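Novice: kindly generate the corresponding structure for this input.
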Amino acid sequence: MINPVEPKVHKKSWFLFRALFSRTTLLLIFLSIQIGILYAVFTYLNNRLAYGFFILLSIVETFIIVNSKSIGSNLKIAWIVPILGLPVFGGLFFLYYKLQGVVYLKNKAIAQEIERSGPFMRQDQAVQRNIDAENSDLSGLSKYLSSTCGFPAFECSKAVHYDDGIPFFESLFNELEKAEKFIFMEYFIISFGTISDMLFNILKEKADKGVKVYLIYDGTNTVKNLPFSFEKKLNDSGIHTKVFSKLKPMLESYQNHRDHRKICVIDGKTAFTGGINIADEYANIELRFGTWKDSGIMIKGPAVNSFSMMFLQTWNSTFIPPAKRKKLKLENCCRLDYEKYYIRHSSNELHDENNNIGRHSFVIPYADSPLDDEKVGENVYCSIINTASKYLYICTPYLILDDEMVQALVFASKRGVDVKIMLPHIPDKPYAFWLAHAYYYELIDGGVEIYEYMPGFVHTKEFICDDIKGVCGTINLDYRSLYLHFENAVFLYNEKAVLDMKKSFLESLKDCEIITMEKLYKYSKSRLFVGRMLKIIAPLF
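Specialist: Below is the predicted model of the structure:
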């Protein structure tokens, strides 16, 4: 059990010293040198070649961008402005960014793994018939997710919602203690502290008892949170570990794509996801930006298989050179078999305890990749917005939207839907806060209600709609989540967890302040100007 203690306030002492000599600073220095070299090359070429050549190149690139189906309108503008405004630098940088083979190879590897896992991600047609009979809007979304994206819908699965880090971690640790066969964990952030100590003690104990433990964490952790040697240390202790795309001091476009997923699977019977990473601030043991508001969800039943397949796709597509495999003791588990970890559940094993709220209930876990042309996360969100009839409540830490989603939210409000968006009052990134404010005017003017959570930071990523539909996962309402990161979430229909999500939202609303036009007029004009300027390039970063 996690005992709440007096929260530690995040200290900023020795900040300058640590900043000057940190791995992040060294990484930025090397990247700056490369940018300087590129700029020098571009200047040299500009002086040696006809300027008309670069004008022609910019026109061709603009034509390609405008006609690209995989690039949203805002992202197109973000590329076109530097390409036409700085034909030499912008044009050649676009070529450099797009013609890197790493993205192609990674996308090919992921596509191969999706194909291999395909036999274990097929839609049960009996479930689909129940969905078709239940609701036409749900039927369309389910068919899109299963047929186009490869994520089936499930019945007889149980969802439990957590609106605070402490009960989430207590449940997570309790389920991990029950593990008998295998544990999969894939997390964006792991940071040393009370939570990570408790987690790794359990994982080490389970590994010693013969449970197969597999862990993936994102490479950004090696810059700040974890030492480079941590991967080997975990593998030496029996926790099979891979690092997703370690950051390198090189200008590679692929490094802009991070593994933002949060997945834990225990024995193929229980899964956890949501916004909560492995760090003390998620349980308010450490206060970084005031009170941390977050959420997670536990899934039991056949839907857990989808989380297992998501993890295995990432594990198997994360390449490790043969020499390093031996060093990390991963020779025998660098690839894992899909069939071995696919659990066949009985059709009625959770029937008596199913947390539905009437009629049929459905659970659809899904993931999103930035390397294909399918904007799964955005499409699911837009489907909920466009089919809402009574209310739509949204929690998100960031608000950086494309024009299509802004218009969808405004249109929902204009047709009588009660649209409320909850954002943090204390931001973790000032520039993201300024960007969010740049969208306030249009949304509020269109009837959307925006609230800021006064006690601190909202990290929850949830959509709650009409007492019947909900999404909980890792997908923020910003470009990084919707276009650049690897993400995951779970769509719920008729599950009691949806009502729990609504209750939590309305309770938190008591600690919020509504943002009105009058308050917006009092905001710093320079900050609003910066936010609007950042909107132009936000899709690139």
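
Novice: every contact and neighbour count from this point should use C-alpha atoms.
Specialist: OK.

Novice: so residue 112, which state does it fall into?
Specialist: Following DSSP: H, G, I helix; E, B strand; the rest coil, residue 112 is assigned to helix.

Novice: wait, I meant residue 439
Specialist: helix.

Novice: what's the neighbour count on it?
Specialist: 18 (other Cα atoms under 10 Å).

Novice: do the same with residue 363
Specialist: 26.

Novice: wouldn't it be in contact with residue 489 here?
Specialist: No: between residue 363 and residue 489 there is no contact under Cα atoms under 8 Å: 10.6 Å.

Novice: show me where the stretch 351-500 of the chain has helices.
Specialist: Along the stretch 351-500 of the chain, counting by DSSP state H, counting those that start in this stretch, helices occupy 376-387, 403-414, 430-445, 479, 496-509.

Novice: and the pLDDT at the residue nearest to residue 368 when sequence neighbours are not counted?
Specialist: For residue 368, ignoring the flanking residues on the chain, the nearest one in space by Cα to Cα, 6 or more residues apart in numbering is residue 487 at 5.1 Å. Here, the pLDDT recorded for residue 487 equals 98.

Novice: swap in residue 366?
Specialist: 98.

Novice: Provide a list of residues in contact with the residue nearest to residue 368.
Specialist: 259, 260, 261, 367, 368, 369, 377, 474, 475, 481 (Cα atoms under 8 Å, 6 or more residues apart in numbering).

Novice: repeat that with 10 Å
Specialist: Residue 487 sits next to 188, 258-263, 366-370, 376-377, 473-476, 480-481 when contact means Cα atoms under 10 Å, 6 or more residues apart in numbering.

Novice: swap in residue 460?
Specialist: By Cα under 10 Å, 6+ apart, residue 460 lies in contact with 163-164, 274-276, 292-296, 394-397, 422-424, 472-476.

Novice: on that earlier part again, need the overlap of contacts for residue 363 and residue 489.
Specialist: residue 471.

Novice: now list the buried members of the contacts of residue 460.
Specialist: The neighbour count (16 or more other Cα atoms under 10 Å) marks 163-164, 274-276, 292-296, 394-397, 422-424, 472-476 as buried among those.

Novice: burial check on residue 129, number of neighbours?
Specialist: Neighbours around residue 129, by other Cα under 10 Å: 11.

Novice: looking at this, it is in a helix?
Specialist: Yes: counting by three-state DSSP, residue 129 is located in a helix.

Novice: doesn't residue 140 make contact with it?
Specialist: No: at 12.0 Å, residue 129 does not count as touching residue 140 under the criterion of Cα atoms under 10 Å.

Novice: circling back to that earlier point, and the buried ones among the contacts of residue 460, which of them are in strands?
Specialist: The strands, defined by DSSP state E, take in 274, 292, 293, 296, 394, 395, 422, 423, 424, 472, 473 from these.

Novice: so where's the stretch 101-250 of the chain uncertain?
Specialist: Along the stretch 101-250 of the chain, the parts satisfying pLDDT under 70 run over 101, 249-250.

Novice: so which residues of it form helices?
Specialist: Going by DSSP H, counting those that start in this stretch, the stretch 101-250 of the chain shows helices at 101-117, 125-134, 136-143, 165-177, 194-208, 230-236.

Novice: Throw those into a markdown table and include distance to residue 303, thanks.
Specialist: Shown next, in a markdown table, are those (distance: least, Cα to Cα, whole Å):
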| stretch | distance to residue 303 |
| --- | --- |
| helix 101-117 | 15 |
| helix 125-134 | 12 |
| helix 136-143 | 14 |
| helix 165-177 | 17 |
| helix 194-208 | 24 |
| helix 230-236 | 29 |
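
Novice: which one of the ones you listed lies nearest to residue 441?
Specialist: helix 136-143 (30.7 Å; Cα to Cα).

Novice: which residues touch the closest one?
Specialist: 123, 128-133, 144, 147-153, 362, 364, 379-380, 383-384, 386-387, 469, 491, 493.

Novice: please, a ChimeraX command that selects the buried ones among these?
Specialist: Burial among the contacts of helix 136-143 is assessed by 16+ other Cα under 10 Å; the matching ChimeraX selection reads:
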select :123,128,130,131,132,144,149,150,151,152,153,362,364,379,380,384,469,491,493
